[in-house]
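> got a sequence here, can you build the structure:
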Amino acid sequence: MSHFADIAKKLINGKFICEYSYPDEHAFLLKPGMADEMMAYLEKMEFTLSTPQEGNGFYCSYLLPKNNQADLKKQFIEIISSLSPLVNFLTLVQQSCGDDDIIRPGDVMRMTELQGVIEDTTALSTQLDKIVSHSLFRSTSSTVEGKLKQVFNRLIEMDYLVSSNPAHQIYTATSKWSLLIDQIRFINDTEQLSLEKLVDETIKQDDLYD
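Here you go, the predicted structure:
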């Protein structure tokens, strides 16, 4: 399989390509004319090449949304469902690090440091328990370390993090966080709900199915 075809397959399968998640593939798409060529290729299958508002990555979306309303509705529900635990994780990191900024692409996260702060802070430990009770991060571990490992592994699977130093449990945030912010803004505008109300409603839905 050619490099071009391999990248197209990743995009169609829902992978998010940026300089952190797939650096070689990202560099390939940044070559003159390559993004246009990829877009033309995807359009033959009624997909298109999209980027977050910040323009720091690539992902695949439907070229003709009206022809794929069922799939789009399913995706929308999945985004809504994952919003609460992802936002709660962002809050957990902010509070643990004492930083008001959200996670940015390229940010380095050291799981052992996060673990130490959570173990020493009852409120943060309770917040982590809430996160891993959600189906997105479901964990039955009794330790903070085990719970965090499950969360970080899922975030890697979802292309939000990459493991930059497995031996020392160091991770790097990808540009997919930019896409999440775009999705939150879109949902807020479309549903005319504040983020806080949207999260509250998502939590209520989670409680119905847990």
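> need the contact partners of stretch 115-131.
Residues outside stretch 115-131 that contact it (CB atoms under 8 Å, 6 or more residues apart in numbering) are 85, 88-89, 91-92, 95-97, 137, 144-145, 147-148, 151. Where you see a C-beta, it was placed from the backbone N, CA and C, and this is true even at glycine.
> check the offset of it from the chain's centre.
21 Å (CA atoms, centre = their mean, to the nearest Å).
> now do it: distance from first to last residue.
In stretch 115-131, first residue to last residue: 14 Å (CA to CA, to the nearest Å).
> identify the residue nearest A35 in space, chain neighbours excluded?
L29 (5.1 Å; CB to CB, 6 or more residues apart in numbering).
> before we move on, what about S61?
S50 (4.5 Å).
> before we move on, what about V132?
S139 (4.0 Å).
> before we move on, what about R138?
V132 (6.6 Å).
> could you point out which of the contacts of stretch 115-131 is nearest to A167?
E145 (15.3 Å; CB to CB).
> can I assume that closest one sits in a helix?
Yes - assessed with DSSP: H, G, I helix; E, B strand; the rest coil, E145 lies in a helix.
> from here on, call the first residue 666.
Okay, residue one is now 666; in that scheme the one you just asked about reads as E810.
> many thanks, we can stop here.
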